[in-house]
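In: 3D model of this:
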Amino acid sequence: MPHYKYLFKIKNLSPVDAAPLACAGTTSYRAVRKADLDPSKFLTVIGAGGGVGHMVVQIAKAISGATIIGVDVREEALKIAEKAGADHLVDGSKGNVTEEILNLTGGKGSDAIIDLINSEKTLSIYPFGLAKRGKYIMVGLTGADLKYPSAMIVFKETQFMGSWLGNQADFIGVMSLAERGMVKPIVTKTRKLEEANEALDDLEYARVTGRQVLIP
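Out: A predicted model of the protein is given here:
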């Protein structure tokens with residue numbers, strides 16, 4: 001480390017529980033801050049059962065009290081989203097998901113959507129579930145193009161923004177929440193450091209939910 005300011009001395013956390021916070025936790029914390037939520041708001045999290053998604057759900061609950069709609073396409077991932085605290089679950093592989101989001105929000109749409117995938121599919125569907133003056137926060141790095149009518153952006157005053165990792169304040173913020181027991185990464189698998197390639201394969205082929213941690 002080039003400077004001690006990049007380190008956080010853990011007190012109430014194990015190294016395994018702390019490990020995902022520096023990346024997944026910090027990234028999630030920044031995205032939730034950008035969503036500008038409060039208890040009256042709805043947040044939809046796409047990929048809510050993944051390594052970053054379940055942290056977004058927990059952090060949003062901890063710092064905003066917003067109503068969380070967790071979206072994922074696998075049953076086991078939806079269970080992780082529920083365990084993380086999502087108020088509603090939506091199976092993104094079935095039915096008209098935009099209509100379901102509208103129904104869950106009383107017809108107004110979601111005040112913020114955090115897209116942890118950013119695939120052709122998610123970007124072509126979920127922006128239509130935004131409320132007026134809603135925020136669509138793009139975190140995923142799938143690399144698809146956003147195709148959304150510019151007139152709707154104007155009429156609904158929607159905002160599309162990116163959120164990339166986080167800064168030192170975001171890091172300290174999520175670590176402080178974890179130290180107080182307000183958030184905790186769901187570590188579903190630990191591996192030896194020598195098994196790093198197998199862990200990457202699990203990620204690539206969607207064989208893992210929550211977070212994996214490598215132990216040297």
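
In: for stretch 54-61, C-alpha coordinates in PDB please.
Out: Output of stretch 54-61 as PDB, limited to C-alpha atoms (Å, rounded to 0.1, in the frame of the first residue of the first chain):
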ATOM      1  CA  HIS A  54     -26.800  -8.100  -2.200                       C
ATOM      2  CA  MET A  55     -24.600  -5.400  -0.700                       C
ATOM      3  CA  VAL A  56     -26.600  -2.700  -2.600                       C
ATOM      4  CA  VAL A  57     -29.700  -4.100  -1.000                       C
ATOM      5  CA  GLN A  58     -28.200  -4.100   2.500                       C
ATOM      6  CA  ILE A  59     -26.600  -0.700   2.300                       C
ATOM      7  CA  ALA A  60     -29.800   0.900   0.800                       C
ATOM      8  CA  LYS A  61     -31.800  -0.500   3.700                       C
END
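
In: what does it contact?
Out: Stretch 54-61 is contacted from outside by 20, 24-25, 27-29, 31-32, 35, 37, 43, 45, 48, 66, 68, 70, 80-81, 83-86, 114, 116, 174, 177, 182-186, 209-211, using Cβ atoms under 8 Å, 6 or more residues apart in numbering. Glycine gets a C-beta too; all of them are placed from N, C-alpha and C.

In: now list the buried members of those.
Out: Among the contacts of stretch 54-61, those scoring as buried are 20, 24-25, 27-29, 31-32, 35, 37, 43, 45, 48, 66, 68, 70, 80-81, 84-86, 114, 116, 174, 177, 183-186, 209-211 (criterion: 16 or more other Cβ atoms under 10 Å).

In: quick one: low-confidence ranges for the chain?
Out: Within the chain, no range satisfies pLDDT under 70.

In: all helices for it, in order.
Out: Along the chain, the stretches classed as helices by DSSP state H are 15-18, 24-35, 53-64, 75-84, 97-104, 120-125, 150-156, 168-179, 196-204.

In: and the fifth one, what does it pack onto?
Out: Judged by 3 or more Cβ pairs under 8 Å, 6 or more residues apart in numbering; DSSP states H and E, the packing partners of helix 97-104 are strand 67-72, strand 88-91.

In: at 10 Å instead, please
Out: Other helices and strands packing on helix 97-104, by 3 or more Cβ pairs under 10 Å, 6 or more residues apart in numbering; DSSP states H and E, are strand 42-46, strand 67-72, strand 88-91, strand 110-115, helix 120-125, strand 130-138.
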